[in-house]
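Participant: A predicted structure for the sequence below; I have some questions about it.
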Amino acid sequence: MKVKNVVKYLEELFPLHLASDFDYTKIGLQIGNSDLELTGILLSLDLTEDVVLEAINKNANLIVTHHPFIFNPLQKITFTSSVGKILNLLFKYQISVYVMHTNLDVGLNGVNDSLARRLGFIDYQPKEEDVIPDNFIRYGLIQEQCLISYANFVKKTLNLSGVRVVGNFDKIIRKVAVIGGSGGKISEIDRAIALGCDLLVTGEVSHHSAHYAITNDFSLIEVSHGVEKFVFDDLIVQLQKKFLEIPIYLTNVNTDPFIVI
C-alpha cells in the first residue's frame with residue numbers, strides 16, 4: 001500500500017475541483033512522496049511540531065490535515081524556526097503531508113455536513129447534487145427552541161468552554177445555518193437570511209457583522225474555528241473501512257491556539 005492509494009481515495013471523496021480559487025494551489029500532497037510505502041495515517045486539523053512528533057511515535061508516515069501547513073509563500077527557512085523544525089522532522093522521517101481545505105468544507109460528508117448532523121439539523125440542505133465550489137453553507141430545521149437554549153446545546157454538543165451569542169436570548173429559533181471556520185461575513189449572513197434561517201452558527205464573527213445581524217433581526221452563535229475537527233471523527237471511519245491493513249489515528253494534540261477562561 002502506497003501513499004498515492006490513500007491520496008486517490010481522498011480525492012474521490014473530496015475532489016480538488018471543489019476548492020475555492022484562492023485555495024486550489026494549497027491543497028493536495030503539499031509535502032512528501034506519493035510512491036512511499038504507507039506505514040500509518042494521522043488525521044489532524046493543523047500541522048504542528050507536536051503533531052509531527054506524534055506521527056513519528058505512531059510510525060505514521062502520512063499526515064492528513066484540514067488547514068494547509070504552507071498557506072503563504074515561505075521567504076526564509078531556518079533550522080531553529082517553528083517551520084524549519086517541522087520541515088526537518090518531515091524530511092528526516094520521510095513523512096508526507098496531504099491537505100484538504102475548502103474542498104473538505106464544501107464536499108459531501110465534509111466539514112459542514114458533519115457539523116449539521118451534530119447540531120441537530122432535520123433534513124439539512126444542500127444535498128449531493130448541489131455540492132459545488134464555494135457552497136459552504138448547510139441549513140435545516142431544528143427542534144423549535146429559544147436562542148439561549150440552542151446556544152447551550154451548541155456549546156455542549158461541540159464540547160466548547162464558551163460561545164458568543166448575538167441576538168435576543170428569548171427569540172424562537174426554527175431554522176439554522178452553519179458554516180465551519182471563518183463564516184461570519186456579511187455576505188454569508190445575507191445568504192442565511194435569504195434561505196429563511198433565523199440563526200447562523202459559525203466562527204470568527206466581527207463586531208461589524210454582529211451589528212449587521214442585529215439590524216436585520218438575525219441571530220449568530222460564534223464557535224471556535226477548531227470545531228472543524230469533528231469532520232475527522234467521521235472520516236476516520238471511512239478510511240478504516242477502506243484500508244483495513246493500515247493503522248489510522250486521530251491526533252491527540254489539541255491544535256486550537258485559543259484558551260477560553
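Facilitator: Received it, and whenever you're ready, just let me know what you need.
Participant: for the protein, what spans make up the strands?
Facilitator: Taking DSSP state E as the criterion, the chain carries its strands at 28-31, 41-44, 62-65, 96-99, 122-125, 138-146, 164-166, 172-182, 199-203, 219-223, 248-250.
Participant: gap between the last one and the chain center?
Facilitator: In this view, strand 248-250 has its centroid 16 Å away from the chain centroid, taken as C-alpha atoms, centre = their mean, to the nearest Å.
Participant: now what about that strand, what contacts it?
Facilitator: Here strand 248-250 makes contact (C-beta atoms under 8 Å, 6 or more residues apart in numbering) with G40, I41, L42, L43, S44, K58, A60, F232, D233, I236, L239, Q240. To be clear about C-beta, it is placed using only N, CA and C from the backbone, and glycine gets the same treatment.
Participant: thinking again about what came up before, so can I have a markdown table of the strands of the chain showing mean pLDDT, mean neighbour count and distance to S209?
Facilitator: Listed next are these as a markdown table, based on pLDDT from 0 to 100; neighbours: other C-beta atoms under 10 Å; distance: least, C-beta to C-beta, whole Å:
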| stretch | mean pLDDT | mean neighbour count | distance to S209 |
| --- | --- | --- | --- |
| strand 28-31 | 97 | 18 | 31 |
| strand 41-44 | 98 | 25 | 29 |
| strand 62-65 | 98 | 25 | 27 |
| strand 96-99 | 98 | 23 | 28 |
| strand 122-125 | 85 | 13 | 23 |
| strand 138-146 | 96 | 17 | 18 |
| strand 164-166 | 98 | 18 | 9 |
| strand 172-182 | 96 | 21 | 11 |
| strand 199-203 | 97 | 26 | 10 |
| strand 219-223 | 98 | 25 | 8 |
| strand 248-250 | 98 | 17 | 32 |
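Participant: Identify, from the contacts of strand 248-250, the entry nearest to L13.
Facilitator: For these, the residue nearest L13 by C-beta to C-beta is L239; the value is 9.3 Å.
Participant: Off-centre distance for stretch 189-209?
Facilitator: Chain-centre distance of stretch 189-209: 18 Å, with C-alpha atoms, centre = their mean.
Participant: Could you dump the strands of the chain into JSON lines with distance to L90 added?
Facilitator: Output for these, formatted as JSON lines (distance: least, C-beta to C-beta, whole Å):
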{"stretch": "strand 28-31", "distance to L90": "6"}
{"stretch": "strand 41-44", "distance to L90": "12"}
{"stretch": "strand 62-65", "distance to L90": "8"}
{"stretch": "strand 96-99", "distance to L90": "7"}
{"stretch": "strand 122-125", "distance to L90": "37"}
{"stretch": "strand 138-146", "distance to L90": "34"}
{"stretch": "strand 164-166", "distance to L90": "36"}
{"stretch": "strand 172-182", "distance to L90": "25"}
{"stretch": "strand 199-203", "distance to L90": "28"}
{"stretch": "strand 219-223", "distance to L90": "31"}
{"stretch": "strand 248-250", "distance to L90": "17"}
